[in-house]
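>>> Here is the input, now give the coordinates:
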Amino acid sequence: MRILLLAGLALSVFASQAVWVTLSPVASLVAVELGVSKEMVGLLALVYPVLFLVLTVPSGLLLDRSFKAGVGLGSLLTAAGAGVRLAGPGSYEVLLAGQVLAGVGQPLLLNSFAPAASRLYPGRRELVVSLLSFSMYLGIIYALGMGYRLYTEGGLVMLLAPPAAVALAGLALTMAGLASRLEPYRGSLSGLSRTARSREVWLLGIVLGLGVALFDNMSIWLEPVLSGAGLGDRAGGALALSMLLGLAGVSFIPGLVARAGVRTLYIRLVSGAAVLVFLTLSLALGGRSVGILIPLLGLLMLPAYPVIMEWVSRFYPGEVHGSASGLIGLSSRVLTVALASVAVLFIDSPRSYFLFLALLSACALGVSLLLPRR
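I've put the predicted structure just below:
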């Protein structure tokens, strides 16, 4: 029965991320169809990070107190949100309601990686975390890669139907798997308080936040930055390949790192590699350097998320895995939002922009030096 719960959770995570950015590839087209501005369509995606910031800590605490209730509710809200959108695709208000429902479920799903690893298959923690992380990234890649084609071929219904179907399948498998006997961890507010006093949790959150900020920055600003150097057409391909290579890396790198016991070393090496990549791009920007270095960075950096989640699952008591994940998510998202806003000051100059990213990477390297050598 545990395999059913894991499969359901993986499908729900995929659907949740696909729901998040379903409309992003066709925002301007959808805005015309709905009779609203592009900014209003963009607001639908913004719902997710806002709700995550508000709910990440409470969702972590719920997962610690009752893992089954947390993942069951997360899967239910995701399926409900995706279904509501499909029921009224021509109404902006209905789409917003569906996005809010799924957005409330998102932190319950994303903060479940470490608790799921320790409760479902404690002997294969790195495999569970890698599988769920793979589903998370794949959901984003699917939505961004297939969105335009699905919309132009079948409109909003065809665009919204696949995430809804996957979410429903995820809910069915999750509910079937809730009868599984799991490790009997049970968290509390005192456990959350103790975890919040752990310096290591905040260090991991800062490292993760800086790493996520790098990719969010490039997703938002790389095309306008490269356009200033006549390379704007290279941005989309470089980012797409970066995500695909990162997805491949997620499938094997976390397991290798965990088995070798080199989690801290890996985080330090990846942070150092990012410094070198962005310094190189600031000094020798060209089509070849963009096409090689940014995808290489994706291969190395995207697996850092499951490495950190496996770290939590391995070295923290099972009673606080959700709380620790929630606190790490809180600190990382605050950094991500703040730094994405600051980056606008540097986008007029490719050299300044990549030096800014190199500085962020250097900060991540500096923070990683404070992490314990396990």
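>>> So, low pLDDT: which residues of the stretch 101-250 of the chain?
Along the stretch 101-250 of the chain, the model assigns pLDDT under 70 to residues 183-190, 220.
>>> Report the separation between residue 123 and residue 117.
10 Å (CB to CB, to the nearest Å). All C-beta spots, glycine's among them, are computed from the backbone N, C-alpha and C.
>>> and what of residue 368?
Distance of residue 368 to residue 117, given as CB to CB: 22 Å.
>>> okay, these two: which has more neighbours?
Between residue 368 and residue 117, counted using other CB atoms under 10 Å, the more crowded position is residue 117 (29 against 22).
>>> just the CA coordinates of the helix or strand that the more buried one is a member of, formatted as CSV?
Taking DSSP states H and E as the definition, residue 117 sits inside helix 113-120. As requested, the backbone C-alpha atoms of helix 113-120 are provided in CSV (Å, rounded to 0.1, in the frame of the first residue of the first chain):
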residue,chain,number,x,y,z
PHE,A,113,9.2,15.2,0.7
ALA,A,114,11.3,14.7,3.9
PRO,A,115,8.3,13.4,6.0
ALA,A,116,7.4,11.0,3.2
ALA,A,117,10.9,9.7,2.9
SER,A,118,11.2,8.9,6.6
ARG,A,119,7.7,7.4,6.9
LEU,A,120,7.3,5.5,3.7
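>>> Run through who's touching it.
Contact partners of helix 113-120, identified using CB atoms under 8 Å, 6 or more residues apart in numbering, comprise 2, 5-6, 9, 63-64, 67, 70-71, 124-126, 128-129, 132-133, 180, 182-183, 185, 306, 309-310, 312-313, 316, 318, 321-322, 324-325.
>>> Quick one: buried ones out of these?
Applying 16 or more other CB atoms under 10 Å to these, the neighbour count classes 2, 5-6, 9, 63-64, 67, 70-71, 125-126, 128-129, 132-133, 182, 185, 306, 309-310, 312-313, 316, 318, 321-322, 324-325 as buried.
>>> Helices - which of those land there?
2, 5-6, 9, 63-64, 67, 70-71, 125-126, 128-129, 132-133, 306, 309-310, 312-313, 321-322, 324-325 (DSSP state H).
>>> Please, where are all the helices along the stretch 251-374 of the chain?
According to DSSP state H, counting those that start in this stretch, the stretch 251-374 of the chain carries its helices in the segments 253-260, 263-283, 287-301, 304-315, 321-342, 350-368.
>>> and the ones you listed as a markdown table, adding distance to residue 17 and mean pLDDT?
Output for the helices of the stretch 251-374 of the chain, formatted as a markdown table (distance: least, CB to CB, whole Å; pLDDT from 0 to 100):
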| stretch | distance to residue 17 | mean pLDDT |
| --- | --- | --- |
| helix 253-260 | 18 | 93 |
| helix 263-283 | 22 | 95 |
| helix 287-301 | 16 | 92 |
| helix 304-315 | 12 | 91 |
| helix 321-342 | 14 | 85 |
| helix 350-368 | 23 | 94 |
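>>> which of the ones you listed sits most buried?
Across the helices of the stretch 251-374 of the chain, averaging neighbours per residue (mean count of other CB atoms under 10 Å) puts helix 304-315 on top, at a mean of 25.
>>> sorry, back to before: quick one: closest of the helices of the stretch 251-374 of the chain to residue 216.
Closest approach to residue 216 among the helices of the stretch 251-374 of the chain is made by helix 321-342 (5.3 Å; CB to CB).
>>> Send me the closest one as CSV with only the CA atoms.
Below are the C-alpha coordinates for helix 321-342, written out as CSV (Å, rounded to 0.1, in the frame of the first residue of the first chain):
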residue,chain,number,x,y,z
HIS,A,321,10.6,16.8,9.2
GLY,A,322,7.6,18.8,8.1
SER,A,323,8.4,21.8,10.3
ALA,A,324,12.0,21.9,9.2
SER,A,325,10.9,21.7,5.6
GLY,A,326,8.4,24.5,6.2
LEU,A,327,11.0,26.8,7.8
ILE,A,328,13.6,26.1,5.1
GLY,A,329,10.9,26.9,2.5
LEU,A,330,10.0,30.1,4.3
SER,A,331,13.5,31.5,4.4
SER,A,332,14.2,30.4,0.9
ARG,A,333,11.1,32.0,-0.6
VAL,A,334,11.6,35.3,1.2
LEU,A,335,15.1,35.4,-0.4
THR,A,336,13.8,34.4,-3.8
VAL,A,337,11.2,37.1,-3.9
ALA,A,338,13.5,39.8,-2.6
LEU,A,339,16.4,39.1,-4.9
ALA,A,340,14.1,38.7,-8.0
SER,A,341,13.0,42.3,-7.3
VAL,A,342,16.5,43.6,-6.7
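>>> Can you get me a residue count around residue 149?
That count, for residue 149 with other CB under 10 Å as the rule, works out to 13.
>>> again, but for residue 223
18.
>>> And residue 10, how far from residue 362?
35 Å.
>>> Ok, residue 256 next?
Remark: distance between residue 256 and residue 362 (CB to CB) = 26 Å.
>>> Check residue 161 too.
Taking CB to CB, one finds residue 161 at 45 Å from residue 362.
>>> Kindly report the same for residue 309.
From residue 309 across to residue 362, the span is 24 Å (CB to CB).
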